[in-house]
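Novice: no sequence for this one, just the structure:
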């Protein structure tokens, strides 16, 4: 396992549509371990493969709630989502220091595979549902800034552009 460098806003990989994982093998399991280790090192609650420069459909998640599962899901699909939505602040390890309120469905059901090749079905609400949706978006090149108004996005991007590289890196982990 190793901690990888988290790609920041502006890196093309964050806008890539990721490819499905064809075979869950040792390389994919190493990436799964690295995603978790990097997520924990950055004090995040989720981290998608493109955020470490790998264009594969997988991500790690852990909302640090004993009632909620944690792990890595490969080739996830949202198979159900509630009509009810809620607005809550979000941040991103790839856009440290920026937080905005994002509206998302309150409940989702996600299916995929774990790093051992077993089928996974996650029924989530609250913070876990938000985390799963946020990370899932990364696999399609969508950032949380894409889910806010044009005005708020411009304000956030202006703030980001005024931050130095050192400020951005020091803010990393501040979800």
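Specialist: The structure has been received and is ready for your questions. In this text, all values refer to a predicted model and were calculated from it rather than measured experimentally. Numbering: from 1, shown residues only.
Novice: which residue is nearest the middle of the chain?
Specialist: residue 135 (2.8 Å; CA atoms, centre = their mean).
Novice: before we move on, what SS does it have?
Specialist: helix (DSSP: H, G, I helix; E, B strand; the rest coil).
Novice: direction included, what does the lengthiest strand in the chain pair against?
Specialist: When the chain is parsed with DSSP state E, its longest strand is strand 71-81. Taking DSSP bridges as the criterion, strand 71-81 forms sheet pairs with strand 58-61 (antiparallel), strand 107-113 (antiparallel).
Novice: could you give me the average pLDDT of it?
Specialist: Averaged across strand 71-81, pLDDT comes to 98.
Novice: contact partners of it?
Specialist: Applying CB atoms under 8 Å, 6 or more residues apart in numbering, the contact partners of strand 71-81 are 20-21, 24, 28, 32, 35-36, 57-62, 105, 107-115, 120, 122, 132-133, 136, 139. Heads up, the C-betas are built off the backbone N, CA and C, glycines and all.
Novice: check stretch 2-16 too.
Specialist: 34-35, 37-38, 41-42, 47, 50-53, 55, 93-96, 138, 141, 143, 160, 168, 172.
Novice: can you rerun that using 6 Å?
Specialist: Stretch 2-16 is contacted from outside by 34, 37-38, 41, 50-53, 55, 93-95, 141, using CB atoms under 6 Å, 6 or more residues apart in numbering.
Novice: show the buried residues in those residues.
Specialist: Buried members of these, scored by 16 or more other CB atoms under 10 Å, are 34, 37, 38, 50, 51, 52, 93, 94, 95, 141.
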